[in-house]
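**Student:** Attaching a predicted model along with its sequence, questions to come.
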Amino acid sequence: MFERALVAEIVARMQEPREFMQILVGPRQTGKSTAIGQVLNSLDIPYHLIAADDYSLNTEEWFASEWRKARMLASSEAQGALFVVDEVQKLPHWAAVAKKMWDEDTRSNVPVKVLLTGSSSLLIQRGMEDSLMGRFEVLYSMHWSFSECRDAFGYSLDDFLFFGGYPGAAKRKGDPIRWARYMQTSIVEPTISQDILQMERIEKPALLKSLFVMGSSYSAQEVSYTKIMGQLQDAGNTVTIAHYLDLLSKAGMLSGLQKYALDAARIRRSSPRLMIHDTSLMTYPYGSNKNTVLADPEKRAHLIESAVGAYLIERSVEEGFEVFWWRTSKGEEVDFVIKKASMLTAIEVKSGRIKGTKGVREFLKRSPHASSLVVGSEECLLEDFLLGKIPLFVTV
């Protein structure tokens, strides 16, 4: 069975002396549970594993009692033990319980190492910020990259553009209708109807769903909040739209990239460029029409630009940089601008649509310390870029 590099990273952390809880977060259906199984098979450490999705059991006391079982296991083993909780965000007040139990173990020198996983990144983050500061490290299980899908499933570039990076969906790509149904019923609908609605009270769930549907069709395009409200029924106000877009982003579905500016206030005021986190979230409504979609120059262009944007978003989460877009008042435009500390890169995507590089030249004129990439050029092939062969930043 294929193992992601993430598995080796988790194994290495579990073999370190006990210092922090390890928390694995990422979108639904990206292989977190499978990775945990591979980690446990690779370790020579006794473990106690629980899944927090049995609603008849998942109380605070049940969580604490399961933790105590891990303590008993650790006390009987020279090398201690590992306590693993899958989908921990489904446990009520999980962070407060984890803090109490972890601190007790620390004071008593109980050798229990802890590994938690969760799909709802907002709930996980809120718990970590509220109770667990200084007690955890985060690992990320993002959508699978082109290189992972190529190695695990034999994907071509066109396969990746259409089917995206969900491993469970990849197993069904030979039956496009079944694949599309899986995307709808196992990923899109549960993420919106369960994961996001768990994050906090949503006043207008129908609006949230409509925003995702509209946003996926406009991926890689700038859309003003006024236009978004005009496209949606009962759209409320711009604050509501921006909030729902933030929730969709935290769920690993759809982001609104802000326009790059030196002035942070101008960044916040700008219209977003909508960007899907995985191209399959754009294509699954087309079902069995893969060849038709990829042969359509306009649709293929949006898929390519969205694939590049999704790749940048995923890497930005793991590597800690920011992703923007840029345009002047005269219409000179750059598809993506990425920023990490003092490093800045302007990225233009040659997707088949007629576009020049005037925007990149103007951006470099205004930001002479920046570097640039033209994805799809001879120097930066789309396939090489999505395979991770092209450095994103150049130290100047």
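**Tutor:** All right, it came through fine.
**Student:** just the strands in the protein please.
**Tutor:** With DSSP state E applied, the chain shows strands at 21-25, 47-51, 81-86, 112-118, 136-140, 221-222, 254-257, 273-276, 322-327, 333-340, 343-349, 371-375, listed in chain order.
**Student:** can the ones you listed go into TSV with extra columns for mean pLDDT?
**Tutor:** Formatted as TSV, these follow (pLDDT from 0 to 100):
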stretch	mean pLDDT
strand 21-25	94
strand 47-51	94
strand 81-86	96
strand 112-118	94
strand 136-140	92
strand 221-222	78
strand 254-257	94
strand 273-276	94
strand 322-327	95
strand 333-340	96
strand 343-349	96
strand 371-375	96
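**Student:** among these, which is nearest Y244?
**Tutor:** Y244 sits nearest to strand 254-257 of all the strands of the chain, at 9.6 Å, using CB to CB. C-beta: built from backbone N, CA, C; applies to glycine.
**Student:** residues in contact with that closest one?
**Tutor:** With contact meaning CB atoms under 8 Å, 6 or more residues apart in numbering, strand 254-257 is reached by 211-212, 215-216, 219, 242, 245-246, 248-249, 272-277, 281, 309, 313, 323-325, 336.
**Student:** Quick one, which of these are buried?
**Tutor:** 211-212, 215-216, 219, 245, 248-249, 272-277, 281, 309, 313, 323-325, 336 (16 or more other CB atoms under 10 Å).
**Student:** what pairs with A346 across the strands?
**Tutor:** Listed by DSSP bridges, the beta-bridge partners for A346 are V337, S372.
**Student:** which ones are touching it?
**Tutor:** So A346 contacts 326, 334, 336-337, 359-360, 363-364, 367, 370-373 (CB under 8 Å, 6+ apart).
**Student:** which of these lies closest to A74?
**Tutor:** F336 (47.4 Å).
**Student:** pretty sure that closest one is touching W325, no?
**Tutor:** Yes. Using CB atoms under 8 Å, F336 makes contact with W325 at a distance of 5.9 Å.
**Student:** Count the residues that sit near S65.
**Tutor:** S65 has 11 neighbouring residues, counting by other CB atoms under 10 Å.
**Student:** Offset the numbering so it begins at 166, please.
**Tutor:** From this message on, residue numbering opens at 166, which makes the last subject S230.
**Student:** Against P355, how distant is it?
**Tutor:** Per CB to CB, to the nearest Å, S230 is found 28 Å from P355.
**Student:** cool, S481 as well?
**Tutor:** 25 Å.
**Student:** show me the contacts for M348.
**Tutor:** M348 makes contacts with Y331, A334, S445, L446, Y449, as judged by CB under 8 Å, 6+ apart.
**Student:** Relative to M447, how far out is the second one?
**Tutor:** Relative to M447, A334 is positioned 13 Å away (CB to CB).
**Student:** likewise R480?
**Tutor:** If you go by CB to CB, the gap between R480 and M447 works out to 19 Å.
**Student:** between these two, who's got more neighbours?
**Tutor:** Of the pair R480 and M447, M447 is the one with more neighbours under other CB under 10 Å, namely 26 against 17.
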